[in-house]
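In: got a predicted structure here, sequence first:
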Amino acid sequence: MEVRSFISCVRKFKSCRHGACHMPKVLTKLFTSHFSLLTALLLLTSHFSLLTSSCSDSRSDLERAQEGAMVAAQVYYRQLAEGRCDQFLAAKMGADSLPQGYREQLVACYKQFVAQQKRAHKGIADVTATRAEMDSAANEMQVFLMLNYGDSTREEIVVPMVAHRGSWLMK
C-alpha cells in the first residue's frame, strides 16, 4: 500500500461523522494488506479501542473492547511470524521492566520458536483473530487466534490480553 492510499483512508476517516467507530475496520484492512504499516500504526490502533468507547453506534463497550484486543493480538503474532521478536516482546505486559539479559534470552527463545515452525510447518503463513471473550474474574480478554501454517495446517491458540494505559498488551 502506498502512502497516498493510506492518506486517502485517513481523509475518509476524518470526513466520517462516526469515524472513530469505523476506524478499527479501516486499520484491520490496512494491517491485513501490508505488514510494513503495522509497526507505525500499532500504537494508533490500540488507542482507538478507547476512542470508540465514546462513539454512539449500536456496538456495546464489550464488543468494541473485543475488537480492539483482537486487532492488537493479531498484529503482535504477525510480528512474531515475521521474525520481529523484539517488537513481539515489547507487546507483553511488563516487558519494559525486564532485565536486559532476560530480554535477550526471551528474544532468543522466540527466534528459536519461529525457526522451529519454519522447519515443522514451513512457517506461519497468516494469523487471523477469530473471537474474543472477556474473563472478568482475571480482568483480561481471551483472544482466539488461528495460526495458518505454510503446509496448510492450522492451529488455534488463546492469547490473554490486558488493557494498559489505553493499549492492549499480551499478558
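Out: That came through, no problem. Numbers count the residues shown, from 1 in each chain.
In: could you use CA atoms for every contact and neighbour count after this?
Out: Noted.
In: Lys171: what's it in contact with?
Out: Contact analysis of Lys171 by C-alpha atoms under 8 Å, 6 or more residues apart in numbering lists 92-93, 159-162.
In: farthest pair within those?
Out: Greatest spacing in the contacts of Lys171, by C-alpha to C-alpha: Met93 and Val159 (12.3 Å).
In: the one helix or strand Ala120 maps to - contacts with which helices or strands?
Out: Secondary structure from DSSP states H and E places Ala120 in helix 100-121. Packing partners of helix 100-121 (3 or more C-alpha pairs under 8 Å, 6 or more residues apart in numbering; DSSP states H and E): helix 61-81, helix 85-90.
In: quick check: next helix or strand after it?
Out: Reading on from helix 100-121 to the C-terminus, the next helix or strand found by DSSP H and E is strand 124-135.
In: so what touches that next one?
Out: Under the criterion C-alpha under 8 Å, 6+ apart, residues 62, 66-67, 69-71, 73-74, 77-78, 81, 117-118, 140-150 lie in contact with strand 124-135.
In: for the next helix or strand after that strand, buried residues please.
Out: Next helix or strand after strand 124-135 toward the C-terminus (DSSP H and E): strand 140-149. Buried residues in strand 140-149, counted by 16 or more other C-alpha atoms under 10 Å: 140-149.
In: list the pairing partners of strand 140-149 within its sheet, with orientation.
Out: strand 124-135 (antiparallel), strand 154-164 (antiparallel) (DSSP bridges).
In: out of those, which gets nearest to Leu106?
Out: Evaluated over the strands paired with strand 140-149, closeness to Leu106 peaks at strand 154-164, with 17.2 Å, by C-alpha to C-alpha.
In: and the angle for that closest one with helix 100-121?
Out: For strand 154-164 against helix 100-121, the angle between stretch directions is 160 degrees (axes from the mean of the first three to the mean of the last three C-alpha atoms, to 10 degrees).
In: identify all contacting residues around strand 154-164.
Out: Strand 154-164 has contacts (C-alpha under 8 Å, 6+ apart) with 69, 73, 93, 139-148, 168-171.
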